[in-house]
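**Student:** model the following, please.
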Amino acid sequence: MSTTNEVPARPRRRRRWWPWAVAAVVLIPALLFAAVPWVASSAWAKAKIEAAANRVLAPGGVSFDAVRLSWFRPTAITAPALLDSSGRKLVEAPTGTFSWSLWQILFARPVVGTLTLHKGAVDIGRSTEGDIDLIDTLKPILKDRPDHTIQIRIEDATLKFTQQGVADPFYADHADIAIDLTRFPEPIAWDLKLSRDREGSAAGKLNIAGSLGRVEAGVSPMKNAALAVTADQWPWRIAPTFGELEGLRTSGRLSGSIDLKVVDGALTTSGDATFDGFTAEGPKLSGDVIVQTPLKLGWKAEGRGGVYQIERFAFDAPVASLSASGEFPPAADRSAKLEGRVDLTLANLLRHTLHLQDDVTVEKGAVTLTAEAKARAGNAAAPGQRIEVHAALSDLAAKKGETTIAWDDPTSMTLLLDRSPDSIALERLDVRTPFLTASGKGDLDSGIEVDASFDLAAARAKVRDWVDLGKFDAAGAGTLRARYTRQDGRYQVAGDGGIKGLVLSGLPVLETVRRDEIKAELAVRGEAEASGLPRDWRYASLAARSAEDELKLETTSPADRPTPEGVKALARTVVDLGGAKRLVEAAGSVVAGPDAIDASNLRLAIGRYVGPGGDFIPQDPYVWRGAARYDVKKDELKIARRDAPPEAQEREPAVSIDDVLAGGLRSNGSTWFRVRASGDFDSIRDAYGLDDLPVGGVLAVECDGKQSGDAWDLDGTVQGQKLTLTEKDGSKTDLGMITLSLDSRLAVPERRLDVAALKLDTPFGTADGEGTVAVPEKAATVDMKGMLAPNWDRLTQELAARVEPGASIRGGPHAWSLTGRAPLEEGGLAKSTLNGEVGLQLDLVDVFGMRLEKTTLALRAVDGKPVIDPIDAMLNGGRLQLDPAVETDEEGGRWLTLGQGSSLAGAIVNDEVSHRFLSYVAPVLDQATRVEGKVSFDLVDARFDLDGDARKTKVEGDVQFDEVRFMPGPLVDQLIDVFNLERKAIFVLRDPISVRILGRTIYQEGLILPVGEVAVIGLDGWMDFDKRIDMLATFAAVPPRRDIPVLSTLLRNAQIQVPLTGTLDNPKIDGEKIKQRFQDFGESLLETTLGVGAGIGDIFRRGPGRPRPAPPVRIAPPPPVVEGPARPAPRLEGPAPARDVPPPPRPEADPDAELLLPGFRLPFSRTPEERQLEKEARQQRRTEKRNERRARQGLPPL
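**Tutor:** Now for the predicted structure:
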């Protein structure tokens, strides 16, 4: 037996792979299952979820930052929000939770799902048409028969509810909101718990709960609904922004409860509410404020189909009450009663609204109203009602100053009706007032007739003691008559009336309307109800006429709608436009259909009136023709101008609306428009009687607007083309083109205009600006600023053309601004706090050789008062200092004044300066040549009327000549010839001249012209701006300084005066007067010579004791005003009085250079110090002698 050592091989072990396969089969689905919430919460899935939700809510949508899904926990949402169709967030919150888990979303889908938002914000709004944006956004998920109930819970949120057309939103600081969008057929329900407790606001609570029932067609509030409101001191405020109540703000606090239920169409409602602190104010009340507390309102009623049984209704306020009970509207066999009372002391709270006289205080009085409908007695032939209405004013009395006034005249109204299901009879109508009476009676078959008469003058006389009518006045008496009948199921109203001696004055637009007689007729026809009352109307017409006016109006309406189907109108009247009578006519026709409203053949004409007070020869009128169409489906309006037919005898319109296009008129804040207009200034002047309008050319206007919610984007351009300016002399100046453009945004609720760009572009420069203008209540708030940039080249051209060819002006731009507040009431500008600045930055002005160097002319407003900055500049090398101011006198007149410190010192003069300016104060410089020297001016007083009356101008001051040398002109040459003096080549002016300007007349005195070493010519009098003169030239000799017997006496008294009249260009000297002057001069000289020796003069005067014949009486011009010693009085016979010793001679002065003639001084004989002392003395004497000088000049005393 054999054996081996081989070891058998270990059998190979099999791999066990199937557990891994099992694990993979189990784990992979588990991992995928667990990953589904993560994938669904990713950014990729977020976009998919948002898109799916937006498809369901379109055109609305949702948004959120993130969503976290879990298989078995509620879904968490970060920053959820509900968006309306415009993308505005209606509901938003930092976090939210949806009760369904991912498993429930995909598989279970419970009946109820709850969406909870934490610390959210709700901002919803309601349009004027009643659409609520939140409801509109949720409409797609409000299915007719939803299968699930969605509960929305918003916890600790804020609520803001905005009503379009109301300025202030409804706001809650804390809101817990529960909304149940239930499945069919359960009603949709809501419960809102609101509170106000924020610091600075009144605390209050408000709960609103309700439901809307579902019907087969969806939600019907008229079928089944419920509403319950409870309030506890809830603050409220309502301020409409359009409509009849715009400008009225009401506020208060509400407490109480309101219940309303609709069950199968039957309404039941009750409530008791108290309004504490009720306040009404705003521009609608003209500044009045009504405060009434408390106001109580209670009611309980039920009904259906528009008929309601009122168990109780009561309204009580301190100044009014109203109560009602019964069935309304009254049925044919039911009873109802209404009683009301208004205490007329309410008028004291409405003083400005009612224009109550300032000194009137109503102490008592009331207006009462009682209306009662009673069923006919049981034995009546048919069921029906008797309706009685009584209204009366009683016990009205007031305190007017210290007296008592009362309304003692009967003022009442009584109406008695008998009503049955098929008829109405007016048993009595009686209206009695001091100025209106009316009566009526009748039935439908025979006709109900009403007659009335009125007296406008009596009405004004009765009311004026109570109400401030201002300048309004009225007169005229008239009658009215109306008749209502029914026949064959149709009714007809026919009325006529007239007024004689109509006078209306103090109207806002037209000053006075006077008509001898006006007659009018009215007709209305239509279908009647079984009771005889109107059911609709089919035809209506109105016609009125007077000697100057005519009105025709006809309109028809189809049976299926109450609106007009077609309208034809014609109106013609004569208006007085500031003394220019014009005939104005308007005509057109309108056809209304279901798709469009067309107005064709529109015509508006204005022309000269031919007749008494008007023109004698007719002229073609200015006529605008056009057509309008409103497309109902597009909600678009078009107005276009049309050309006149070739055969029409008319002119193009003075002002024309060329094109209007508007849309979105029925939209919710999306209206837009575009307007194009044009005009011709020459035609405007003629058409509207604006004879003083100095502007010519054409006008083009473009305006665009687009509404965005409560705001409007407004752009406009006004452009004047080929403009001309007509001067007073009839000449015309081309102005070129002027453009005003505006880019702005108007916030209607805030009444604020935000100006992004305002630009005025003219050939003379540009001005631009930006800022804000707001009118929140009774005052305008302005905050505007910009730049003013003159066109210096154009201004230089104008100066060169109008003044002198070499004139020029240069400068730079200057900023302007206007800020502050200005009340809009009468006289509000005086109470304004406006602050602003506008000015011109001048670098150089060169006119007639006068060079005004760099300075700024600035006008400021300080607290609404105009202030002009002082001017300190260099004028022709001299310093110009002006201190201007704007003042208002007691009568409201405005004046530009220059302070006493205003002056000009050391200005260099030349030929042009002397011809153009200095010749008005120193006529000897007129047409002078080679003028050189300096001139100064010290102003005493200057006043210029800013209302444009040049006759009130007043200027007073002194002009000082500093060695002004010149070669003489024609006036000086003529004076030299008259006085037969030696002609000099150069004359010199050194003395000051006193100047006074009154209106257009310049009075001057003190002008001294040296004509040699021994003579001077003085010139005093006046000259106007037309260079007409009335002056007195005086020739005087210069005596030697040393007293020389006989000669000195002769020269002291020797002077010749020559009157000058005519114009400065053509002065006139009366030869006869010159002859008389020389004769007087000779007699004076002879008399003085004879008086030198004692007693010799008496011998030559016909001996002692012999009377001298009386001199002839002459009316001579007043002597010149002199400021030196008076002319010596006649000496007494006997020893001569002692004379003063003459002063010692001055070695530095020429002994023959002293002028001793009264009224004249030679400046070269005095030192500068002496001249200054004399100037001060002359100013001191000015006040004493002013009236004396004015009397000699023929002016009234000051």
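
**Student:** low-confidence regions, the stretch 1001-1150 of the chain specifically.
**Tutor:** When the per-residue scores of the stretch 1001-1150 of the chain are filtered using pLDDT under 70, the ranges that remain are 1012-1014, 1037-1055, 1070-1150.

**Student:** return the residues in contact with the residue nearest to G614 when sequence neighbours are not counted.
**Tutor:** Nearest-residue entry for G614: K581, 4.3 Å, with adjacent residues in sequence omitted and distances by C-beta to C-beta, 6 or more residues apart in numbering. From N, CA and C alone the C-beta is placed, and that goes for glycine too. When contacts are counted by C-beta atoms under 8 Å, 6 or more residues apart in numbering, K581 is found next to 574-575, 608-609, 611, 613-614.

**Student:** which residues does K581 bridge with?
**Tutor:** When bridges are called by DSSP bridges, K581 pairs up with D576.

**Student:** how about the one 10 residues further on?
**Tutor:** Applying DSSP bridges to V591 gives these bridge partners: G566, D598.

**Student:** could you do G769 as well?
**Tutor:** Residues in a beta bridge with G769, per DSSP bridges, are L758, G786.

**Student:** tell me, how many residues neighbour it?
**Tutor:** Close neighbours of G769, defined as other C-beta atoms under 10 Å, add up to 18.

**Student:** so it makes contact with K785?
**Tutor:** Yes - in this structure G769 lies within contact range of K785 using C-beta atoms under 8 Å: 6.2 Å.

**Student:** so what's in contact with those two at the same time?
**Tutor:** By C-beta under 8 Å, 6+ apart, G769 and K785 have these common neighbours: W816.

**Student:** on that earlier part again, measure the residue nearest to G614 to V122 for me?
**Tutor:** 63 Å (C-beta to C-beta, to the nearest Å).

**Student:** what's the answer for I105, then?
**Tutor:** 26 Å.

**Student:** any idea which residue sits dead centre in this structure?
**Tutor:** Central residue check for the chain by C-alpha atoms, centre = their mean: the C-alpha nearest the mean position is that of L824, 7.7 Å away.

**Student:** contact partners for R481?
**Tutor:** Applying C-beta under 8 Å, 6+ apart as the definition, the contact partners of R481 turn out to be 449-452, 495-497.

**Student:** which secondary structure element is home to it?
**Tutor:** Secondary structure assigned from DSSP states H and E places R481 in strand 473-487.

**Student:** for that strand, which positions count as buried?
**Tutor:** If you call a residue buried by 16 or more other C-beta atoms under 10 Å, then strand 473-487 has these buried ones: 473-478, 480, 482-486.

**Student:** would you format those residues as JSON lines with pLDDT and distance to D516 included?
**Tutor:** Shown next, in JSON lines, are the buried residues of strand 473-487 (pLDDT from 0 to 100; distance: C-beta to C-beta, whole Å):
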{"residue": "D473", "pLDDT": "91", "distance to D516": "17"}
{"residue": "A474", "pLDDT": "93", "distance to D516": "15"}
{"residue": "A475", "pLDDT": "94", "distance to D516": "12"}
{"residue": "G476", "pLDDT": "95", "distance to D516": "10"}
{"residue": "A477", "pLDDT": "96", "distance to D516": "12"}
{"residue": "G478", "pLDDT": "96", "distance to D516": "12"}
{"residue": "L480", "pLDDT": "96", "distance to D516": "19"}
{"residue": "A482", "pLDDT": "96", "distance to D516": "24"}
{"residue": "R483", "pLDDT": "96", "distance to D516": "27"}
{"residue": "Y484", "pLDDT": "95", "distance to D516": "31"}
{"residue": "T485", "pLDDT": "94", "distance to D516": "33"}
{"residue": "R486", "pLDDT": "92", "distance to D516": "37"}
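
**Student:** pull the most distant pair out of those residues.
**Tutor:** Taking every pair in the buried residues of strand 473-487 and measuring C-beta to C-beta, the maximum separation is 42.7 Å, between D473 and R486.

**Student:** can you name every helix or strand that the helix or strand containing M413 contacts?
**Tutor:** Element membership for M413 (DSSP H and E) is strand 412-420. Packing partners of strand 412-420 (3 or more C-beta pairs under 8 Å, 6 or more residues apart in numbering; DSSP states H and E): strand 385-400, strand 423-432.

**Student:** quick one: which of the ones you listed is nearest D754?
**Tutor:** Each of the helices and strands packed on strand 412-420 has some distance to D754 by C-beta to C-beta; the shortest is strand 385-400, at 47.2 Å.

**Student:** following that closest one, which helix or strand shows up next?
**Tutor:** Where DSSP H and E defines the elements, the next helix or strand beyond strand 385-400 is strand 403-406.

**Student:** strand partners (parallel or antiparallel) of that following strand?
**Tutor:** strand 385-400 (antiparallel).
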